[in-house]
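**Student:** After the sequence you'll find the predicted model.
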Amino acid sequence: MRKEFLAFAPPSLGEEEILAVTNVLKTDWLSSGPKTAEFESLFAQAVGAEGALALNSCTAALHVALLAHNIGPGDEVITTAMTFCATANVIEHVGATTVLADVNPDTLLIDPLQIEKRITKRTKAIIPVHYAGHPCDMDRINAMAAKHNLVVIEDAAHCMPSKIGDLSVGATKNLTCFSFYANKNMTTGEGGMLTGPKELLEKARVLALHGMSRNAWKRFEKGGSWRYDVPAPGFKYNMSDILASIGIVQLGKLDGFYRRRCEIAARYDKAFKESMTLKPLTVLEGFQTSYHLYVVQLNLEKLSIDRDQFIVELAERNIGCSVHYVPIHMHSYYQNKYGFKPVDFPHAFGAFQRILSLPLSPRHRDQDIDDVIAAVNEVGEKFKR
């Protein structure tokens with residue numbers, strides 16, 4: 001057994017990021033300025049997007065994306081039951097109605113057939129979530145949206161770098177929301193990015209900084225004017241140059257991070273291919289997953305313990321794991337407001353009882369992953385029925 005506890009997803013930061021931050025601290029600009037603009041340009045280029053807007057979180061990106069499409073009270077927005085609460089919370093923030101759809105039991109991605117069943121005259125938008133970095137079937141979802149004249153906003157919090165065929169997630173006309181939270185494939189500590197058509201991004205840009213027609217950099221740079229207008233009451237969602245400087249370095253390292261994630265996932269795939277106690281998620285053919293998470297579903301029929309106890313057993317062997325996620329319809333707010341019951345979305349509910357996410361970070365060594373595999377197999381064997 002390991003002597004030291006293995007953290008689930010430690011960030012991969014080095015001297016380059018430290019130097020980038022100190023260089024910004026030595027300048028006259030700390031908030032949104034030239035580094036933020038540079039990060040936006042580089043990120044848009046990396047995913048092949050028309051434009052990009054750097055924000056302080058993916059949640060902020062989702063929020064302003066809904067507002068940019070004028071979604072609000074009286075509108076319905078369809079999203080997946082299997083996602084982090086932020087995806088649904090922003091629908092509530094704009095005053096719209098959250099409509100949940102169940103997932104495919106093998107991929108845990110939103111099921112297009114379940115989306116179709118929930119479209120009404122009040123439906124305004126669909127928010128598919130690329131769960132664990134595995135892209136959704138966007139051809140079907142986009143076609144469905146076009147048929148019913150709906151907006152699509154992609155929750156791509158897990159997607160750097162994910163692809164559908166040769167096209168990167170974030171390269172379409174859909175507003176697409178990315179996260180740079182501490183455990184993401186590339187991080188700025190806290191942060192996010194919104195990609196999409198420039199016209200919508202400019203609307204989102206105003207909303208993301210108090211609703212002001214000019215940001216501080218444009219007002220205080222040489223030749224700038226102090227005058228500004230507030231055409232709409234906005235929010236304080238902008239990214240700082242300090243965080244953007246980290247993002248620029250992390251973006252340059254992303255290919256290496258991704259190669260290491262693929263190596264780790266391949267070790268897990270090989271180790272658990274014939275397992276009778278757990279099954280990794282299915283990745284759709286022709287899709288490139290970012291391997292943000294390595295999620296497995298336990299075969300509880302073959303075990304004498306439940307998922308929670310399985311995690312406890314791994315922790316006792318110094319292996320850190322997590323669960324992604326508690327489905328939206330199981331949270332008290334959504335149950336109280338909409339009357340949801342766990343069995344209303346049987347695939348999401350069933351998966352929740354079985355899923356756990358195994359350690360996956362470029363910082364993990366081969367020995368670390370071998371320790372995870374050994375611990376998982378040991379627990380599975382010990383508690384096998």
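**Tutor:** Great, that's in hand.
**Student:** would you list every one of the strands in the stretch 1-150 of the chain?
**Tutor:** 52-55, 76-80, 97-101, 123-127 (DSSP state E, counting those that start in this stretch).
**Student:** most tightly surrounded among those strands?
**Tutor:** Neighbour counts (mean count of other CB atoms under 10 Å) averaged over each of those peak at strand 52-55, with a mean of 29. (C-beta placed from N, C-alpha, C; glycine too.)
**Student:** got a list of contacts for it?
**Tutor:** 32, 36, 39-41, 43-44, 61, 64, 191-195, 201, 204-205, 208, 237-239, 244, 247 (CB atoms under 8 Å, 6 or more residues apart in numbering).
**Student:** What average pLDDT does that strand get?
**Tutor:** On average, the pLDDT along strand 52-55 is 98.
**Student:** Check stretch 110-118 too.
**Tutor:** On average, stretch 110-118 scores 98.
**Student:** Likewise for stretch 151-170?
**Tutor:** 98.
**Student:** Next: stretch 252-262.
**Tutor:** pLDDT averaged over stretch 252-262 gives 98.
**Student:** residue boundaries of the helices in the protein?
**Tutor:** In the chain, the helices defined using DSSP state H lie at 15-25, 34-47, 58-68, 85-93, 112-117, 138-148, 198-207, 216-220, 241-272, 307-316, 332-338, 346-352, 366-382.
**Student:** can you tell which of the ones you listed is closest to Tyr181?
**Tutor:** Nearest to Tyr181, of all these, is helix 58-68, at 7.3 Å by CB to CB.
**Student:** Now that closest one: buried residues?
**Tutor:** Of the residues in helix 58-68, Cys58, Thr59, Ala60, Ala61, Leu62, His63, Val64, Ala65, Leu66, Leu67, Ala68 count as buried by neighbour count, 16 or more other CB atoms under 10 Å.
**Student:** What lies in contact with it?
**Tutor:** 53, 55, 77, 86-87, 89-91, 93-94, 96, 125, 127, 153, 155, 157, 175, 177-181, 192-194, 196, 200-201, 203-204, 207-208, 235, 237.
**Student:** Mark which of these are buried, thanks.
**Tutor:** 53, 55, 77, 86-87, 89-91, 93-94, 96, 125, 127, 153, 155, 157, 175, 177-181, 192-194, 196, 200-201, 203-204, 207-208, 235, 237.
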